[in-house]
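>>> Here is my input, please return the structure:
(chains A and B)
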Number of protein chains: 2
Amino acid sequence: MRKVAIVGLAQVPVKENWTNGLRELAVTAVLDAMDDADIKNVDALYIGNMLGSNFSDQSNLGALISENAALDVNEAVTVEAACGSGSAAFRQAVLAVASGTVDTAIAVGVEKLTEYSEVSPANGLATAADADYEAAMGLSFVSINALLMRRYMHEYKCDKNNFAGFVINAHKNAVHNKNAMFQSAITEANYNKAKMIADPINLLDSSPISDGAAAVVITTADKASQYTNKPVLVTACEVGMDTIALSRRANPLRLKAVENSTARAFQVAGIKHQDIDVLEAHDAFSIMTTLALEAAGFAEFGKATQLAKEDIIGINGRLPLSTFGGLKARGHPVGATGLYQIVEATLQLRNEAPDAIQVPEPRRAMTQNIGGSASFVITNILERI
Amino acid sequence: MRKVAIVGLAQVPVKENWTNGLRELAVTAVLDAMDDADIKNVDALYIGNMLGSNFSDQSNLGALISENAALDVNEAVTVEAACGSGSAAFRQAVLAVASGTVDTAIAVGVEKLTEYSEVSPANGLATAADADYEAAMGLSFVSINALLMRRYMHEYKCDKNNFAGFVINAHKNAVHNKNAMFQSAITEANYNKAKMIADPINLLDSSPISDGAAAVVITTADKASQYTNKPVLVTACEVGMDTIALSRRANPLRLKAVENSTARAFQVAGIKHQDIDVLEAHDAFSIMTTLALEAAGFAEFGKATQLAKEDIIGINGRLPLSTFGGLKARGHPVGATGLYQIVEATLQLRNEAPDAIQVPEPRRAMTQNIGGSASFVITNILERI
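Now for the predicted structure:
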């Protein structure tokens, strides 16, 4: 298999976007990423999207986006794995280039959640859970995470306040990210007073419903210098799987898919935890950040909230986390999220993050994108050449 | 790239299925295909599905199906390209095995169209068209095909009756296929008297709304003999693309995606039209059969209906077509259709079709799966070893 590098990237601001639909969001990201790589066409297009047919009455995004971006591609398909769709599309693009099937590809993630007709965002997002045995019983994604958080607090005798540090860190970083949905800092007092949504999850434990699109152009490492003087290698892009329903897991606090995906990624990249200089985690809920850090081996079980301190996860800490605001403050346009993470990690490795959130000379970044209740997880490791 | 072979297959009967949902349909096809290959687990699962989130409130089919089929897979994702989703999933599976990413994979197509809440099947299927510039103007897939058929009849001074032969052939074959939705022959008189749906398309020009699932197990050609004594090689699996909207094509009667996909498939397989012994075409509407046969080069433009005669497309003709009934009579569970075609072509090459529809000793089969108004097309060439 050939080595693969990211040579172009783009993102549109994450927000409730009342100007642009699915088509405009995706096409803007695709064309801007091509401009960034100074490339005129690519061989293939892979789209990460979860709810286009449901919310925008639009399937067949491959044809839609390649036509509207005036691409002449051999292949354009949508890849879906719930909130992990963005990284799932990225993985197919990496596989296509690595295998020699194509020489250049774009992975774009796009989601439009704030404009809908028949189905509410909460119900749309709940299609990532087991429709017959979870959603049909009234479980939404917030309430699934509330069950996990309550269990965690009980099991490890953990105070709700312990999670605040993750949220404060995300918002602090997002202040400097012009593409973030919430460019505002919060305090511990804000967190403690936030409105309860599904006890124990409050408004600030949750990522927002958002619209957005992000894209990367990839090619072989050999050809990367034709397009950029700052190529970033994809040294791992590995999947982990688990049951779709929480109730069918031996221990719901152990995210097996995160564990397997991370272990494989480290093995393929040939590195260890301490080699990661930036971590873009899937902080859709503060409990998910916590559980994922533990399953990934960055903290012992029951102890991840001890990392939620500025000297550890801040920009100058030993494990800078959610450096552009994460899902929590940048926003979480579900099928696009995996690509936002990859774009942000690549900006870090290129030393192109805004000054206040640029990690000092990072060499390796990890992004971790979670679908459903961690039923599908992809861990990417990216490396500055 | 490694050579890939089909070593197991299964299908569930196509019908309005009031007993089984998306989960049961897919899991049955997966487990039966594994039984057919006598294999205990596979490395990866690729799912072709178009409307799960819309009609069954279920996304994240990768986790759902792998869990419910008790698979221990490294990866399970959904691949979507409208009615071409089945072959799009098959292509990702072939790519994964060919590249050495995995050694064994299952491609399963599944669709559940007859049970729905908010959105009607016609509106669901219209998500394969351009939502803003076609569907929003009231165009359904039947009316899009009606425009094409009317244009064809005008352009080539072709009588509606000329299309009847394709439909009669499909129904004649389906009589012998226990998995077909319509196991009944029709006459030219039936065709001429059929109820008009969207002039000039009548009920018998159209494939039905159906539920179904079909699956194949694939591995490398080298390892195929571990699982079957009748492996079938995948010698080509090639995509063609076109605009999503009909109105943006120079000539809507020329299906560029079919042309490109077929030409690439012949090139990769190193064969010509006359080498094809069985053709499973995408006969969702009789006009689509006609246009695709011309774009694929099996007939001159304007002359494909001349093929619609038993001595040409019948089981003993020179180009046996829709040998198990095609989309028209076997049924068209959209995301599953591409896999039904592959299963049927493989049964032909194994000499395992029912006697009355077994083509005599076929060596090579072609399946062609069309997404949208031929905006996404995959042509597969399969070969008996």
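
>>> correct me, but A:L253 touches A:L291?
Yes: if you go by C-beta atoms under 8 Å, A:L253 and A:L291 touch, sitting 6.3 Å apart. C-beta coordinates here come from the backbone N, C-alpha and C atoms, glycine included.

>>> any shared contact partners between those two?
Residues touching both A:L253 and A:L291 by C-beta atoms under 8 Å, 6 or more residues apart in numbering or on different chains: A:L148, A:Y152.

>>> more neighbours, these two?
Neighbour comparison, A:L253 and A:L291: the larger count goes to A:L291, with 25 against 17 (by other C-beta atoms under 10 Å in any protein chain shown).

>>> For A:Y116, give me the pLDDT.
At A:Y116, the predicted lDDT confidence score is 80.

>>> The residue nearest to it when sequence neighbours are not counted: how many residues sit nearby?
Nearest non-adjacent residue to A:Y116, counting by C-beta to C-beta, 6 or more residues apart in numbering or on different chains: A:F55, 4.4 Å away. Residue neighbour count, defined by other C-beta under 10 Å, stands at 25 for A:F55.

>>> give the contact list for A:F55.
Taking C-beta under 8 Å, 6+ apart as the test, what A:F55 contacts is A:K112, A:L113, A:E115, A:Y116, A:S117, A:V119, A:P121, A:G124.

>>> residues from the stretch 201-350 of chain A in reach of chain B?
Within the stretch 201-350 of chain A, the positions lying close to chain B (C-beta under 8 Å from any C-beta of the partner chain) are A:V239, A:M241, A:D242, A:T243, A:I244, A:A245, A:R248.

>>> For the fourth one, grab phi and psi.
Taking degrees, to the nearest 10, you get phi -60, psi 150 for the backbone angles of A:T243.

>>> cool, and the third one?
As for A:D242, its main-chain torsions (degrees, to the nearest 10) stand at phi -150, psi 180.

>>> Next, A:T228: secondary structure please.
Under DSSP: H, G, I helix; E, B strand; the rest coil, A:T228 falls in the coil class.

>>> Please enumerate the helices of chain A.
Using DSSP state H, the helices of chain A run over A:22-37, A:52-55, A:61-68, A:85-98, A:121-125, A:141-155, A:164-174, A:188-193, A:256-269, A:286-295, A:310-313, A:326-329, A:334-349.

>>> So which residues make contact with the first one?
I take that to be helix A:22-37. With C-beta under 8 Å, 6+ apart, helix A:22-37 has contacts from A:7-12, A:17, A:20, A:40, A:42, A:45, A:47, A:49, A:52, A:56, A:58, A:61, A:64-65, A:68-69, A:71, A:106, A:108, A:110-112, A:211-217, A:227-228, A:339, B:132.

>>> now the residue nearest the centre of chain A, nearest residue through space, not along the chain?
Centroid check for chain A by C-alpha atoms, centre = their mean gives A:G338 as the closest residue, at 3.2 Å. Using C-beta to C-beta, 6+ apart and skipping residues adjacent in sequence, the residue nearest A:G338 is A:G86, 2.6 Å away.

>>> List the residues that contact the one you found.
A:48, A:107, A:109, A:214, A:335-342, A:369.

>>> and it, how far is that from chain B?
12 Å (C-beta to the nearest C-beta, to the nearest Å).

>>> one step back: pipe the contacts of A:F55 into TSV and attach distance to B:G302 and neighbour count per row.
Below are the contacts of A:F55 laid out as TSV (distance: C-beta to C-beta, whole Å; neighbours: other C-beta atoms under 10 Å in any protein chain shown):
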residue	distance to B:G302	neighbour count
A:K112	42	27
A:L113	47	27
A:E115	44	14
A:Y116	44	17
A:S117	42	10
A:V119	45	20
A:P121	50	17
A:G124	46	23
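
>>> With respect to A:E352, which of the residues you listed is nearest?
Taking C-beta to C-beta as the measure, A:E352 lies nearest A:K112 of the contacts of A:F55, at 27.1 Å.
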